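> Here you go, sequence then predicted model.
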Amino acid sequence: MDPRPRLVVKLGGSLAAHPSLAHWLRELKRSAAGRYAVVPGGGPFADAVRAAQAVWRFSDPVAHWMAIGAMDQFGQMLCGIEEGLVACSTVQQIQDAWASERLPVWLPTHLMRGEGDLVQGWEVSSDTIAAWLAHTLGARGLLLVKSCDLPADAGDAAALATAGIVDPALPGFLSRRRLPLNVVHRHQWRELSHAVMTLVGRV
C-alpha cells in the first residue's frame with residue numbers, strides 16, 4: 001500500500017493568468033510528499049457566470065451549477081497546460097490516475113450532481129467543494145493555494161472566512177468532518193513538502 005498521504009489541493013481561480021500556475025502543476029506532479037488530487041477553482045470562467053447573472057438575474061442555484069461547470073473548464077485547461085495530468089470525473093478515475101502515477105484533476109460536475117447537502121449558492125465555492133472531495137476520498141487534509149495575503153495561522157478556517165479568504169460554508173464543513181486545512185500563497189510552490197508536513201501534522 002502506498003504510504004504517501006492522500007491530499008486534495010485546490011488551485012484558486014486567481015492563478016489562472018499567473019506564471020505560478022505552471023510551477024504548481026509541475027511541483028504537484030513530481031512531489032513524493034503526498035498523493036494529490038487537484039481541484040480547480042472557477043477562475044475567469046466563474047467570473048463570466050457572475051457577469052451573466054448580473055445581467056439576467058437568474059437564481060443562485062442556477063449560477064451555482066454554472067460555476068461548477070466553470071471549474072470543469074478550468075480543470076480541462078490545467079490538463080492542457082502540463083503533460084501527465086488527467087481529467088477525472090469519478091473517485092475510481094482518480095484512483096486509477098494514482099495507480100498509473102499520473103496527477104488527477106477533478107472535474108466536479110458529475111459527482112456533485114448527486115450531492116444534496118451543500119447549499120446551492122455563492123456561499124459554497126470551490127473551497128468547500130474541494131473539502132467535499134477530500135472527505136469523499138478519505139484524504140488526510142485540504143491544501144488551498146490562494147493569491148491574497150494570508151494570516152499567520154493559515155489553518156484557522158473561521159478566521160479565514162471572516163477575512164473573506166475562504167467561503168462562509170467551509171469552516172462548518174471542515175469542523176463537522178474534522179478535516180485539517182492549510183492555506184498557502186501562490187508563490188510558495190517550492191515549499192510544497194513543508195505545506196504537506198504542516199497539514200498532515202494537524203490531523
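That came through fine. Numbering: from 1, shown residues only.

> Just the strands from the chain, written as ranges.
6-11, 35-40, 85-88, 103-106, 141-146, 181-185 (DSSP state E).

> Can you lay out these as TSV showing mean pLDDT and distance to Ser126?
Backbone N, C-alpha and C define where each C-beta goes, glycine included. Below are the strands of the chain laid out as TSV (pLDDT from 0 to 100; distance: least, C-beta to C-beta, whole Å):
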stretch	mean pLDDT	distance to Ser126
strand 6-11	98	6
strand 35-40	98	6
strand 85-88	98	16
strand 103-106	98	10
strand 141-146	98	9
strand 181-185	97	13
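
> Just the C-alphas of stretch 156-164, formatted as PDB.
Output of stretch 156-164 as PDB, limited to C-alpha atoms (Å, rounded to 0.1, in the frame of the first residue of the first chain):
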ATOM      1  CA  ASP A 156      -8.000  28.700  11.100                       C
ATOM      2  CA  ALA A 157     -10.900  28.300   8.700                       C
ATOM      3  CA  ALA A 158     -13.200  30.500  10.700                       C
ATOM      4  CA  ALA A 159     -10.700  33.400  10.700                       C
ATOM      5  CA  LEU A 160     -10.100  32.900   7.000                       C
ATOM      6  CA  ALA A 161     -13.800  33.000   6.300                       C
ATOM      7  CA  THR A 162     -14.200  36.200   8.300                       C
ATOM      8  CA  ALA A 163     -11.400  37.800   6.300                       C
ATOM      9  CA  GLY A 164     -13.200  36.700   3.100                       C
END
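
> Next, the buried residues of stretch 135-146.
Going by neighbour count (16 or more other C-beta atoms under 10 Å), the buried part of stretch 135-146 is His135, Leu137, Ala139, Arg140, Gly141, Leu142, Leu143, Leu144, Val145, Lys146.
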